[in-house]
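Novice: Curious how this folds, go ahead:
(one chain, ligands or ions: 1)
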Amino acid sequence: MVTPVATKPTKIIPHIAEPPLIGSMFTFQKDRLALFLRVAHECGDIGHLHFGPFPFVQLNAPELVQSFLVEHAYDFYKGETMHKAFEPIIGHGLFISEGNFHRQQRKLIAPSFQPRHIVSYADAMVHYGELIQVGWQDGETVDIGQEMTHVTMSIVGKVLFNADVFTETDELGNAMTVVLEQANYTLSHLFPVPPNWPVARNKRVRHALAVLDQQIQKMIVERRARADQGNDFLSILLHAREENGDTMSDQQVRDEALTLFGAGHETTATALTWAWYLLTTHPDAYHKLQQEVDAVLQGRTPTYADLAHLPYTLQVLKESMRLYPPAYAVSRVALHDLELGGYPIRKDESVIAVVYALHRRPDCFPDPEKFDPERFTPENEKRLPRYAYMPFGAGPRICIGNHFAMMEGHLLLATLAQRVSFELVSGQQIEPDPSKTITIRPKYGMKMVVRRRSVQ
Ligand code: HEM
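Specialist: Alright, predicted model coming up:
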């Protein structure tokens, strides 16, 4: 829907104080989360800032986010930088495709992500949770971020390809890690090395892409040769039919499979990493969660049916994603002049909905820096304004894996809380770092000591 800009803009976007020419470029590179909070504090619901010559509009209000991501979703696109970072890897996969093609692909893939379809993956999620914890010795120190990445990558590898990628040393997992790191590199450098230069980085990426292509093509051929349809996502993608009966080409199936593999593990791993951090630094909440898990499970491994009886565990996950939303911002570029809530947006201008700032609005979340899972009791959650809490984005591009991720996070918290207790190693510097990856991972890692619990 195109809304032409008013002849005279009705409202003026406030501007933060910035040095001339460079604008907030260096502040952004040094500490972008602090910069975003400053814009929200100084400007309120909407603010203007610059990175060198490039203007940005930052949105911090639920109503503006609704206008941006829901009502005007198709008046924006992902922007050249995102395309440059992701297209060489995922081609025209859902995360980066645009316009009608995106709409069509979304319609084709979304049914497979409905809660009733993904329930069958619960057992695989619990299986890998159990598998990772049996490998930990009592008193062992682990990097919790890495461990959570191993387990979520294994889960997505299993449900997507029915493949065992339990560690990143597996060829497929390793190749995925290399190409994701490359996307992050392109996104976080103003002048990344062009992909055709003969440098070690580019050779590594080309090799990783060749591995991914070869392995996925092999899996596609195997599945096409089978008479029956398997239950993994690759099989589902191969059999998905448009209204006119058409199926996807092998190339498009490859692009979508890689998109889901890439989008489907680091985000969930980040959510779990911060959940463990918040639990270990809030012993009362940790104790309450353990009590809930022990009482409900009585030593059994959890199943999907148990989740309804583990509400506090879910509240902890939701509150962790409020304070540390893995995807801390959602950005787009305007396709033409338009208006958002009465504010003028110019063609080619970048607009960014800062989830990290939105989740810290004191009018929606009183005492916002406090970790308080009670905010997400069903009654309290109902009182939240729409779009005040949006760890999965909003509108037609809302995360397609949101139910999958919530089920996975909920099950893994319960599985691991039952078997082990984590203790945060003291004296570490813990800082969220959004500059190296598209999620906010801990900048210096996060070490935790594992204590085995006797099954209650
Ligand atoms: C806690 C875990 C997760 C978080 C916080 C998260 C967050 C997000 C967000 C904010 C978006 C919207 C991006 C935008 O509008 O630009 C998104 C999109 C997407 N996510 Fe997730 N995600 C998570 C897990 C997953 C999982 C498990 C999968 C798949 C198995 C997945 C697949 C996708 C895909 C394919 C898109 C693109 C959707 C589209 O553009 O139509 N995500 N995610």
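
Novice: For the ligand, what's the nearest residue on this protein?
Specialist: Nearest residue of the chain to the ligand: Gly401, at 2.2 Å (Cβ to the nearest ligand atom). Placement of C-beta: from N, CA and C, glycine included.

Novice: gap between that residue and Gly262?
Specialist: 11 Å (Cβ to Cβ, to the nearest Å).

Novice: Between those two, which has more neighbouring residues?
Specialist: Neighbour comparison, Gly401 and Gly262: the larger count goes to Gly262, with 23 against 19 (by other Cβ atoms under 10 Å).

Novice: and that one, what does it touch?
Specialist: If a contact means Cβ atoms under 8 Å, 6 or more residues apart in numbering, then Gly262 has 89-90, 95, 176, 179-180, 183 as its contacts.

Novice: among those residues, which two are most distant?
Specialist: Using Cβ to Cβ, the two most remote members of the contacts of Gly262 are Phe95 and Met176, lying 14.0 Å apart.

Novice: Tell me which of the two has more neighbours.
Specialist: Between Phe95 and Met176, counting by other Cβ under 10 Å, Met176 is the more crowded of the two (25 against 21).

Novice: The stretch 351-456 of the chain: helices as residue ranges?
Specialist: Assigned by DSSP state H, counting those that start in this stretch, the stretch 351-456 of the chain shows helices spanning 355-358, 378-382, 402-419.

Novice: go on, the stretch 51-200 of the chain?
Specialist: According to DSSP H, counting those that start in this stretch, the helices that the stretch 51-200 of the chain contains are 62-66, 80-90, 99-109, 115-118, 122-134, 144-161, 171-188, 200-225.

Novice: closest one to His282 among these?
Specialist: Ranking the helices of the stretch 51-200 of the chain by proximity to His282 (Cβ to Cβ) places helix 144-161 first, at 15.5 Å.

Novice: Just want the most central residue of the chain.
Specialist: Centroid-nearest residue in the chain: Thr267, 3.6 Å away (criterion: Cα atoms, centre = their mean).

Novice: Just the CA coordinates for the strand or helix carrying that one, please, in PDB.
Specialist: Assigned by DSSP states H and E, Thr267 belongs to helix 266-280. Extracted C-alpha coordinates of helix 266-280, given in PDB (Å, rounded to 0.1, in the frame of the first residue of the first chain):
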ATOM      1  CA  GLU A 266      21.900 -18.800  16.400                       C
ATOM      2  CA  THR A 267      18.900 -16.700  17.500                       C
ATOM      3  CA  THR A 268      17.500 -19.400  19.800                       C
ATOM      4  CA  ALA A 269      21.000 -20.100  21.200                       C
ATOM      5  CA  THR A 270      21.400 -16.400  22.000                       C
ATOM      6  CA  ALA A 271      18.000 -16.300  23.800                       C
ATOM      7  CA  LEU A 272      18.900 -19.300  25.900                       C
ATOM      8  CA  THR A 273      22.400 -18.000  26.700                       C
ATOM      9  CA  TRP A 274      20.900 -14.800  28.200                       C
ATOM     10  CA  ALA A 275      18.200 -16.800  30.000                       C
ATOM     11  CA  TRP A 276      20.900 -18.800  31.800                       C
ATOM     12  CA  TYR A 277      22.800 -15.600  32.500                       C
ATOM     13  CA  LEU A 278      19.700 -14.000  34.100                       C
ATOM     14  CA  LEU A 279      18.800 -17.100  36.000                       C
ATOM     15  CA  THR A 280      22.300 -17.500  37.500                       C
END
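
Novice: Tell me the gap between stretch 138-146 and the middle of its chain.
Specialist: Taking the mean of its C-alpha atoms, stretch 138-146 sits 23 Å from the chain's own mean (Cα atoms, centre = their mean, to the nearest Å).

Novice: what's in contact with that stretch?
Specialist: 136, 269-270, 273, 276-277, 422, 425, 441-442, 445-452.

Novice: again, but for stretch 208-219
Specialist: So stretch 208-219 is contacted by 88-89, 161, 163, 171-172, 174-176, 178-179, 182, 234, 250, 254, 257-258 (Cβ under 8 Å, 6+ apart).

Novice: Buried subset of these as a ChimeraX selection?
Specialist: Remark: buried members of the contacts of stretch 208-219, expressed as a ChimeraX selection using 16 or more other Cβ atoms under 10 Å:
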select :88,89,161,163,172,175,176,178,179,182,234,254,257,258
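
Novice: Of the contacts of stretch 138-146, grab the buried ones for PyMOL.
Specialist: Buried residues among these (16+ other Cβ under 10 Å), as a PyMOL selection:
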select buried, resi 136+269+270+273+276+277+422+441+442+446+447+448+449+450
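
Novice: if we can go back for a sec, redo the helices of the stretch 351-456 of the chain as CSV? Include mean neighbour count.
Specialist: Shown next, in CSV, are the helices of the stretch 351-456 of the chain (neighbours: other Cβ atoms under 10 Å):
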stretch, mean neighbour count
helix 355-358, 24
helix 378-382, 10
helix 402-419, 24
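
Novice: Ignoring the adjacent residues along the chain, who's closest to Ala61?
Specialist: Asp45 (3.6 Å; Cβ to Cβ, 6 or more residues apart in numbering).

Novice: typo on my end, Ala263
Specialist: Nearest non-adjacent residue to Ala263, counting by Cβ to Cβ, 6+ apart: Phe95, 5.7 Å away.

Novice: isn't Thr415 right next to His127, touching?
Specialist: No. Using Cβ atoms under 8 Å, Thr415 makes no contact with His127, being 9.3 Å away.

Novice: So which of the contacts of Gly262 reach the ligand?
Specialist: Phe95 (Cβ under 6 Å from any ligand atom).

Novice: can you redo the contacts of Gly262 as CSV with distance to Tyr389 and pLDDT?
Specialist: Formatted as CSV, the contacts of Gly262 follow (distance: Cβ to Cβ, whole Å; pLDDT from 0 to 100):
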residue, distance to Tyr389, pLDDT
Ile89, 30, 92
Ile90, 28, 94
Phe95, 22, 97
Met176, 30, 87
Val179, 31, 91
Leu180, 26, 87
Ala183, 27, 89
